[in-house]
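[1] build me a structure from this.
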Amino acid sequence: MNPTIQPVVLCGGAGTRLWPLSRRALPKQFAPLLAGKSLLQLTLERLRLLNPTVHCVAAEEHRFLVQETVIAAGVDGLQLLEPVPRNTAAAMAIAALISAPDQLLLFAPADHHIPDASRFAETVRTGIPAAMAGNIVTYGVVPSFPSTAYGYIRQGAALDLPGESPASHVDAFVEKPNAADAATLLLSGNHFWNAGIFLVEARTLIAMLEEHAPDILSACRRATEPTERDGNFVRVQRAAFENCRSQSIDYAVLEQCTRRAVVPFGGAWSDVGSWNAVAALHAEDASGNRINGQGFSIGARDTFIHAPTRPVVALGTQDLLIIDTQDALLVAHKDCAEQVKEVVSLLMTRGQREATEHRRVPRPWGAYDSVDDGERFSVKRLTVKPGAKLALRMHRHRAEHWVVVQGTARVTRDGVAETVRENESIYIPIGAIYQLENPGDSVLEVIEVQTGRHLGEDDVVRFDDAPTPHLDAAMQKQA
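    Predicted coordinates:
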């Protein structure tokens, strides 16, 4: 009987090359990219075949996005929260430090696409003997074309293991090659794409960090002694973790250690690292066009359209990426797909909110959608989940008018609670201490009109962190 594998999903990364869909407040791993599901949800569902308990390492600011995705994927597990990003070596270290020494840990990125989940699970299990023999096992994707976007793993001699094992020694890691070298690597037959997926016993990883990156391990030890548990959230000590050096596990350990193995994976795989990679996940028509959502093409060739919310028409275009969202549009030549991150940098220097935030902003209690903004007004659409409520708050410079368009709201103003039903409204004057709650079992939808001389988020005085019992109950139900 095979030992239990504990999957750990690494949820970091900004995904700036997938702007405008991926932004700092909602990176690509959380965005609904394929059939209405995020890459994180698809990853969790895939790993569920190995273990119904899947841990995640994520940024503190994304904790509720992770929690909701965990619920949607039907898995249980801890969410290890990083107060600041410190790359994969630190993320893997804290997961190993809170695990049993002999626990087999499978580390996988949150934002990769592997359509054949069963084949992937079978391949992962074939790496168990090599991992239990004290190796860190990486899974190399058999290349299907000479890619210059991925690093490569050079396969060495087969490992001497009992029984039949596909694991081989890793001779070397090869940086992203140029086109000519990539073609040579493809023809060699002993080079694989580096997918960044690792299987290793907790004690093996800790020993390797102790040898090759003792400062990272030391900082992570201090950060996890002790951890703070809040339901399924596990927080590390901020000061200690901030002092940890930021480095990938590849540079910190893999390129230096000797006990490293590779297991080939022959299935389809993509790191979904650019819009060209996203386009490749969709079927093409006779003219080479690929369309996701409400896209239409007339006389277009080799054009990708991502249009989830409204009709977008490509007329006579060729070799274009057309990416439409509610508040931003990207039109780029396919050859410039890797340069999209430069667009984000430009927009940030000019103070454009759209560089980092979507119009729709998720919150623990639901979400708000910024419908319209003016000099002295702002219109938002609030959706509040059943049983959820916003934190008790007040504003010093603005008043708010609410109209309930769906569901029933419970509103508390200056200590007085009242019920506001569909097609009814309520006024929140400047300085009032108030709270909005959804007491029902269906979604509450409210149109909020803010008026005043200052409408920024810095004019929000919060008095508590409102619990979200619908989430807590869902997590407890799975436990």
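
[2] list of residues touching stretch 278-285?
    Here stretch 278-285 makes contact (C-beta atoms under 8 Å, 6 or more residues apart in numbering) with 18, 33-34, 113, 270, 272, 290-292, 297, 304, 306, 321. (Glycine included, C-beta is placed from N, CA and C.)

[3] can you give me the end-to-end span of that stretch?
    16 Å (C-alpha to C-alpha, to the nearest Å).

[4] pull out the buried residues from it.
    With burial defined by 16 or more other C-beta atoms under 10 Å, the residues of stretch 278-285 counted as buried are 278, 279.

[5] quick one on the thing from earlier: tell me the one of the contacts of stretch 278-285 nearest residue 180?
    residue 270 (23.2 Å; C-beta to C-beta).

[6] so what's the residue of the chain most remote from its centre bridging to?
    Distance from the C-alpha centroid of the chain, by C-alpha atoms, centre = their mean, peaks at residue 416 (40.5 Å). Taking DSSP bridges as the rule, residue 416 bridges to residue 413.

[7] would you mind measuring from it to residue 6?
    Going from residue 416 to residue 6 by C-beta to C-beta, to the nearest Å gives 50 Å.

[8] list the contacts of the one helix or strand residue 241 maps to.
    Assigned by DSSP states H and E, residue 241 falls within helix 238-242. Here helix 238-242 makes contact (C-beta under 8 Å, 6+ apart) with 82, 83, 84, 86, 90, 94, 219, 220, 222, 223.

[9] so the third one sits in a strand?
    Same thing as residue 84. No - going by DSSP: H, G, I helix; E, B strand; the rest coil, the assignment for residue 84 is coil, not a strand.

[10] not counting sequence-adjacent ones, nearest residue to it?
    Using C-beta to C-beta, 6 or more residues apart in numbering and skipping residues adjacent in sequence, the residue nearest residue 84 is residue 242, 5.5 Å away.

[11] OK, contacts around the closest residue to residue 429 other than its chain neighbours?
    Excluding its sequence neighbours, the residue lying closest to residue 429 (C-beta to C-beta, 6+ apart) is residue 399, at 5.3 Å. Remark: with contacts taken as C-beta under 8 Å, 6+ apart, residue 399 is in contact with 427, 428, 429, 430, 450, 451, 452.

[12] which ones are touching the nearest residue to residue 163 once chain neighbours are set aside?
    Leaving aside its sequence neighbours, residue 163 sits nearest to residue 129 (C-beta to C-beta, 6+ apart; 6.8 Å). For residue 129, the contacting residues are 161, 162, 163, 165, 167, by C-beta under 8 Å, 6+ apart.

[13] by neighbour count, which of the residues you listed wins?
    Per-residue neighbour counts (other C-beta atoms under 10 Å) across the contacts of residue 129 peak at residue 167, which has 24 neighbours.

[14] wait, what's in contact with that residue?
    Counted by C-beta under 8 Å, 6+ apart, residue 167 has contacts 126, 127, 129, 130, 135, 137, 158, 159, 161, 261, 262, 263.

[15] gap between it and residue 420?
    Distance, residue 167 to residue 420, by C-beta to C-beta: 63 Å.

[16] and for residue 109?
    44 Å.

[17] which regions of the protein sit below the pLDDT cut-off?
    Counting by pLDDT under 70, the chain contains low-confidence ranges at 1, 464-479.

[18] now do the helices in it.
    39-47, 63-73, 87-97, 117-125, 128-132, 179-188, 202-212, 214-223, 238-242, 249, 275-279, 340-349, 469-478 (DSSP state H).

[19] out of the ones you listed, deepest packed?
    When you average the neighbours per residue for each of the helices of the chain (mean count of other C-beta atoms under 10 Å), helix 249 leads with a mean of 27.

[20] elements contacting it?
    helix 87-97 (3 or more C-beta pairs under 8 Å, 6 or more residues apart in numbering; DSSP states H and E).

[21] now do the helix it packs on against helix 202-212, angle only.
    Angle of helix 87-97 versus helix 202-212, following axes from the mean of the first three to the mean of the last three C-alpha atoms, to 10 degrees, is 130 degrees.

[22] now do helix 87-97 and helix 214-223, the angle between them.
    50 degrees.

[23] give me the residues contacting helix 87-97.
    By C-beta under 8 Å, 6+ apart, helix 87-97 touches 8, 10, 12, 55, 57, 80, 82, 105, 107, 196, 198, 202-203, 205-206, 209, 213, 216-217, 219-221, 223-224, 236, 241, 244-253.

[24] that one: how far from the chain's middle?
    Taking C-alpha atoms, centre = their mean, to the nearest Å, one finds the center of helix 87-97 at 17 Å from the center of the full chain.

[25] try stretch 261-270
    Averaging C-alpha positions (C-alpha atoms, centre = their mean) puts stretch 261-270 22 Å from its chain's average.

[26] and it, what's buried?
    Judged by neighbour count (16+ other C-beta under 10 Å), stretch 261-270 contains these buried residues: 261, 262, 263, 264, 265, 269, 270.
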